[in-house]
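Novice: Provided below are the primary sequence and the corresponding predicted coordinates.
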Amino acid sequence: MNMLKITALALAMATGPAFADGHATGDAAEGENVFKKCKSCHAITAADGTEIAKGGRSGPDLYGLYTRVAGAEPEFGKKFGKSLVAAGEAGLEWNEADFVSYVADPKAFLRTYNDDKKAKSKMSFKLKDETDAKNVWAYLVSVGPEAN
C-alpha cells in the first residue's frame, strides 16, 4: 500500500508541471479559472482556428504567447501601444517572470523595461496577485503550441 501511495505521489509531482513543458510554475487548471478575468479583452485561438477560449478582441489573442516578441502579434497589428512595441524591439520575449510583472502593473513594467518615465500601456487591467498571474501563465503555456 505504501509503495502505491509513493508511486502515485511521484507521478503527480512529475506530471504536474509537464503539461506546461517546464516553462511555468503555476497551476494551469486554476489559471483557466482566473483567465475569465482576461476574457473581456483577450481570446485564445489556435493557429488552425480552433477557439480555445472565446473572448474579446480589444487585446491581442494570447495563443502562443510563450517566447512571442512583445508587441509583435501580426493579427493585432498597429493596435499595440508604442511602449510595448519598443519593449519588443529591445528584446522582450514573453516568459513567466516578465508576464507576471507586466500584468501586475503594465505601465510600471514598461517604464522600467524601456527605462522611459513616459512609457504607457494600453492594458489598463492589473492582475496583482502573483499566484493568479503564474496560474494564468501556466494555462496559456498549456493550451499553446508545444514550448521548446
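Specialist: Perfect, thanks for sending it.

Novice: Which pLDDT does the model give the nearest residue to residue 25 once chain neighbours are set aside?
Specialist: Counting by CB to CB, 6 or more residues apart in numbering, the nearest residue to residue 25 once its immediate chain neighbours are dropped is residue 134, at 5.6 Å. Heads up, the C-betas are built off the backbone N, CA and C, glycines and all. pLDDT, residue 134: 97.

Novice: what's near enough to touch residue 134?
Specialist: 24-26, 31, 96, 100 (CB atoms under 8 Å, 6 or more residues apart in numbering).

Novice: Take these and lay them out in TSV including secondary structure and distance to residue 48.
Specialist: Formatted as TSV, the contacts of residue 134 follow (DSSP: H, G, I helix; E, B strand; the rest coil; distance: CB to CB, whole Å):
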residue	secondary structure	distance to residue 48
24	coil	23
25	coil	28
26	coil	26
31	helix	22
96	helix	26
100	helix	29
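
Novice: rewinding a little: secondary structure element for the residue nearest to residue 25?
Specialist: Applying DSSP states H and E as the criterion places residue 134 in helix 130-143.

Novice: Buried residues of that helix, list them for me.
Specialist: 132-143 (16 or more other CB atoms under 10 Å).

Novice: Could you do stretch 85-99 as well?
Specialist: Residues 85-88, 92, 94, 96, 98-99 are the ones in stretch 85-99 that count as buried (16+ other CB under 10 Å).

Novice: so of those residues, which ones are in helices?
Specialist: 85-88, 96, 98-99 (DSSP state H).

Novice: Using a markdown table, please lay out those together with distance to residue 123 and pLDDT.
Specialist: Listed next are those as a markdown table, based on distance: CB to CB, whole Å; pLDDT from 0 to 100:
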| residue | distance to residue 123 | pLDDT |
| --- | --- | --- |
| 85 | 13 | 96 |
| 86 | 15 | 97 |
| 87 | 12 | 98 |
| 88 | 14 | 97 |
| 96 | 17 | 97 |
| 98 | 14 | 97 |
| 99 | 12 | 98 |
